[in-house]
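**Student:** Model the structure of this input:
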Amino acid sequence: MISRRGILAGGGVGIGLVVAWGLWPRDYAPTLVADPGESAFGAWLKIGSDGHVTVAVPQAEQGQGVYTALAQIVADELGADWRTVGVEPAPLNPLYANPVGLNALFEGMPGVVPAAVAGPAPMLTAGSSSVRMFEAACRDAGAAARVLLCKAAARRWDADWADCRTEAGFVVQGTRRIRFAALAEDAARETLPDDPNIGGPGAGALAGRSVPRIDTPAKVDGSANFTGDVRLPDMVHAAIRQGPVGDSRLIGVDRAAADRVRGVLQIVETPTWVAAIATTGWAAQQALSAMAPRFATRGPVIDSGTIAAALDAAFERPGATMAQSGDIGTLLDGAGVVTAAYRVAPAVHAAIETRSATAAYRDGILELWLQTQAPGPARAAAARAAGIAEAQVVIHPMPVGGSFGAALEHDAAAQAAVLAVRLKRPVSLIWSRAEDLLHDRYRPAAAARLAARLDARGRILAWRTAIAAPATGAEIAARVLPGVASRAATALTRGDPHAVGGALPAYAIPAVAVVHHAAEIGVPTGALRGGAHGYTAFFTEMFVDELARIAATEPMSYRIGMLGGGARLARCLSTAASLGGWNGGVPGSGQGIAAHAFRGSFIAVLAEAHLGADRRPVVERLVAAVDCGVQINPDLVRQQIEGGLIFGLATALGAATGFTRNLADARGFGDLHLPRLADTPDITVELIRSDEAPGGVGELGVPAVAPAIANAIFSATGFRLRDLPLRPST
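**Tutor:** Down below sits the predicted model:
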């Protein structure tokens, strides 16, 4: 019988884990279900009588390749034939809790996260944490199954199992070979030794190889099912309209107009939203438009002007020092201090797949097919909305069409749960693009005031970053972590680490302070790919460039000179400069450079850009050098960096919205100034070989792009664009 806690999930210990999780008992029974002809090996894998290997993946596949990366780790230790490896979503079980992702998502959030998580951390896909959290557990599982297979083969051969090895789906000893398929059932009954023999005979054949992605064939031929593709017997379709941002209540709809739309079945009203139910999604959307829902909003009017005013007002109140080293003292007082101010607009997710959920309520059980990065909190939200116990809710996690953090939210799950219970029929709810943009959880608007003093040689003596931004980490915690709302509110008085994540410069500056001024802007905010690093890197790397110019020093060398012992970031900078033909960013060159350290990884980006005839930035080239430690699958890393660069390009040029009378101005892709194929620059990515532990890569490509482009625009034009998106006012 398999022991060693049933090959339980582990790993990640010592990587800044939430304290409460570190002390929580983790002896949970595996709930991975073996189908007929399969044998389960604990919580992570199954082997079939036909030789297929199925790996349970507890992370949402959003295009980042996690189905491939985690399966590859298991298969590498197992000694499997990659052609026989598949995946399935892991069951909802504390075995797959992700405290590393939780800690990364909230940037530590002292005072909120540890106290709130009285039990195991939730299953969570966030914070570029999948490999960092689960590599050790996957290796344990693969190695354990390999040992069990070797023991089963040795028993048949009357040999010593330690003399056996695995190779491409076979157990081998000398000239004898036997397939996993023939051994799986017997192997699952073997007893696991205390040492699972990580890296033992047969392991390592797949490590560091760019094996084909598991999810690609189904996405290419169209057979991959997403939430909106789910079809159930007797299913109906729903379209939804919610009120403006703020305290909005539904006050009226034109039911007669909706009823005239062919296919309409029912109108469902709640205090905060209304849904049209129809035989097709198109009919539901047409009925929703015809009924012209009317909402009344109490409280202040929210627009771009009030948001800017709220950020300015936050600076007038005392801030909370979130990071500090050295003694600034009076260094930033008096004459000679260099200052700069920057702003960013609310940024949108705008994933290809809008928020959606499919729900069915039968015999007291609510089933939900969801795009979700946090299935446990999604189940809790659906149960609360439907008025039933969590034990009555079953979550089927689906592949996600992008998300970029939007699938951490569970509004659609709660709405679909309400509809399924009321209608007593399966229902597919898909938000329209306009609804998705109007009711996004935006990366917050933020403003920054930076100050520094240079010595006579141009070196930075003191640095202070003051950021006015909403306490987004506290907002996310209140929604994602059950029962944390009161603690999240209390955290506002101490500042929010999430809101200033990445603001501490990577440079060796003698005296540094990062201060958060909590701002109430009236707009809901949430996690977006890159988090606060998407704007804090902009603030930092723009300011460093300005200081380099004042010091009359070439910006790349200026950065390297300040890094002290930061050899990995220095190598990224020198590599990007070499590959990109860096000429110093001299006036008229149109070249700019920026760097960032993020979740244990390092990146430098060189951009070439200028202003077009319409005064908008035109980016011709992006060159990135990346050190993310050991690479499980180099192709996946490259894809994520390239995707991150494009995402960073989008947030530099657009992907943001203003507000007018409590409504987002952006209603469709056409309003977001997203880069099109014709706008995409030439992209070069160099992956630097490293033996360091794997770092995060899913968000790494984003933060340094905007400042690199802005610095390039300065070298091309001689003036600074200090606001995101980068749009010249004249």
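
**Student:** Check whether Q640 really touches G65, as I assumed.
**Tutor:** Yes: with contacts counted by Cβ atoms under 8 Å, Q640 reaches G65, the gap being 7.1 Å. Every C-beta, even on glycine, is put in place using the N, C-alpha and C of the backbone.

**Student:** just how off-centre is stretch 384-399 within its chain?
**Tutor:** Chain-centre distance of stretch 384-399: 23 Å, with Cα atoms, centre = their mean, to the nearest Å.

**Student:** buried ones in it?
**Tutor:** A385, A386, I388, Q392, V393, I395, P397, M398, P399 (16 or more other Cβ atoms under 10 Å).

**Student:** Relative to A187, which of the residues you listed is nearest.
**Tutor:** P397 (28.5 Å; Cβ to Cβ).

**Student:** Provide a list of residues in contact with the residue lying closest to the closest one once chain neighbours are set aside.
**Tutor:** Excluding the flanking residues, the one nearest P397 by Cβ to Cβ, 6 or more residues apart in numbering is P89, at 4.4 Å. For P89, the contacting residues are A56, V57, P58, H396, P397, by Cβ atoms under 8 Å, 6 or more residues apart in numbering.

**Student:** mind redoing it with 10 Å?
**Tutor:** 56-61, 67, 96, 123, 375, 395-399 (Cβ atoms under 10 Å, 6 or more residues apart in numbering).

**Student:** V172 now?
**Tutor:** Listed by Cβ under 10 Å, 6+ apart, the contact set of V172 reads G79, C150, A153, D163, C164, R165, T166, I178, P201, G202.

**Student:** That one: what secondary structure?
**Tutor:** strand (DSSP: H, G, I helix; E, B strand; the rest coil).

**Student:** Could you do V515 as well?
**Tutor:** Quick answer, by three-state DSSP: V515 is strand.

**Student:** Is it in contact with P318, as I believe?
**Tutor:** Yes: V515 is within contact range of P318, at 9.0 Å (criterion: Cβ atoms under 10 Å).

**Student:** Among these two, which residue is more densely surrounded?
**Tutor:** Regarding V515 and P318, a neighbour count based on other Cβ atoms under 10 Å identifies V515 as having more, with 21 against 7.

**Student:** now that one: how far from R165?
**Tutor:** Distance check for V515 against R165: by Cβ to Cβ, to the nearest Å, it reads 58 Å.

**Student:** again with H439
**Tutor:** Applying Cβ to Cβ to H439 and R165 gives a distance of 55 Å.

**Student:** Between those two, which is the more surrounded one?
**Tutor:** More neighbours surround H439 than the other of H439 and R165, with 23 against 17 (other Cβ under 10 Å).

**Student:** how about the more buried one, what does it touch?
**Tutor:** If you count contacts by Cβ under 10 Å, 6+ apart, then H439 has 240-245, 273, 355, 409, 411-412, 431, 524, 663-664 around it.

**Student:** and R457, what are its phi and psi?
**Tutor:** Main-chain dihedrals, R457, degrees, to the nearest 10: phi -100, psi 10.

**Student:** Not counting its neighbours along the chain, what's nearest it?
**Tutor:** Closest to R457 by Cβ to Cβ, 6+ apart is A551, at 7.7 Å.

**Student:** Residue ranges in this structure under the pLDDT threshold?
**Tutor:** 1-27, 108-120, 482-494, 729-730 (pLDDT under 70).

**Student:** so T330 touches L461, yeah?
**Tutor:** No: T330 is not in contact with L461 according to Cβ under 10 Å; the separation is 11.4 Å.

**Student:** so what sits against both of those two?
**Tutor:** Both T330 and L461 are in contact with R453, where contact means Cβ under 10 Å, 6+ apart.
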